[in-house]
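Chemist: pasting a predicted model and its sequence here:
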Amino acid sequence: MKHFTAAVITVSDKGYRGERVDTSGPALCALLKEQGYEIAYTSMVPDEAEQIRAELLKCADEKKLSLVLTTGGTGFSTRDITPEATKAVLERETPGIPELMRAESMKITPRGCLSRSVAGIRGRTLIINLPGSEKAAKENILAVLEPMEHGLEMLDTEGSADCADSPAKAAAK
């Protein structure tokens, strides 16, 4: 696998105020490191749209990271606005990523359908929202890890990545 840079942004009012220990952010960092990613940035912000957007823009536009994962703020609470803040900075949505995450989550719990996570592209950065619970965040990212890596390879190239299962390659065999 190619070497990709990543950021993990935890969105949590209680975590930001020091009232709750963040376990999902460190767990995602550990998981990504095990997969060969370089964790280039981490942060924690409250459930405030402007602060979430600012962190996403910093990671994509200034730091030019390959992957940005957010954890938290994807549920039904009135303070859960991570998807809306994320959509505001995306240039192109990638709906298949959260669709797969929800489908896999629903195999574990029917509540998986309640996730409002979104994913998309800004420049050459892939941004993915994950649930705030450590268990759900890990399950969700593991569900999309392989196709996500292919997407990152595509973003990292001028043309398209080597698509082993493409119709043109199949016809050439």
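Modeler: Arrived safely. Numbering: from 1, shown residues only.

Chemist: so, low pLDDT: which residues of the chain?
Modeler: Applying pLDDT under 70 to the chain flags the ranges 1-2, 159-173.

Chemist: show me which helix runs longest in the chain.
Modeler: helix 134-155 (DSSP state H).

Chemist: ok, and the closest non-adjacent residue to the residue minimising distance to the centre of the chain?
Modeler: By C-alpha atoms, centre = their mean, the chain has its centre lying nearest to Ile128, at 2.2 Å. Excluding the flanking residues, the one nearest Ile128 by C-beta to C-beta, 6 or more residues apart in numbering is Ala119, at 4.3 Å. Quick note: C-beta positions are derived from backbone N, CA and C, even for glycine.

Chemist: and the one you found, what are its phi and psi?
Modeler: The phi/psi pair for Ala119 (degrees, to the nearest 10) reads phi -150, psi 150.

Chemist: how far does the longest helix of the chain sit from its chain's centre?
Modeler: Taking C-alpha atoms, centre = their mean, to the nearest Å, the mean C-alpha location of helix 134-155 is offset from the chain mean by 7 Å.

Chemist: quick one: the helices in the protein, in order.
Modeler: Under DSSP H, the chain gives helices at 13-16, 24-34, 49-57, 82-87, 96-108, 134-155, 167-172.

Chemist: tell me the most buried of those helices?
Modeler: helix 82-87 (a mean of 21; mean count of other C-beta atoms under 10 Å).

Chemist: tell me which residues are up against it.
Modeler: Applying C-beta atoms under 8 Å, 6 or more residues apart in numbering, the contact partners of helix 82-87 are 11, 47, 49-50, 52-53, 56, 70, 72-74, 93, 116-118, 120, 127, 129.

Chemist: hmm, 10 Å instead?
Modeler: Helix 82-87 is touched from outside by 9, 11, 45, 47-56, 68, 70-75, 93, 98, 115-120, 122, 127-132, with contacts defined as C-beta atoms under 10 Å, 6 or more residues apart in numbering.
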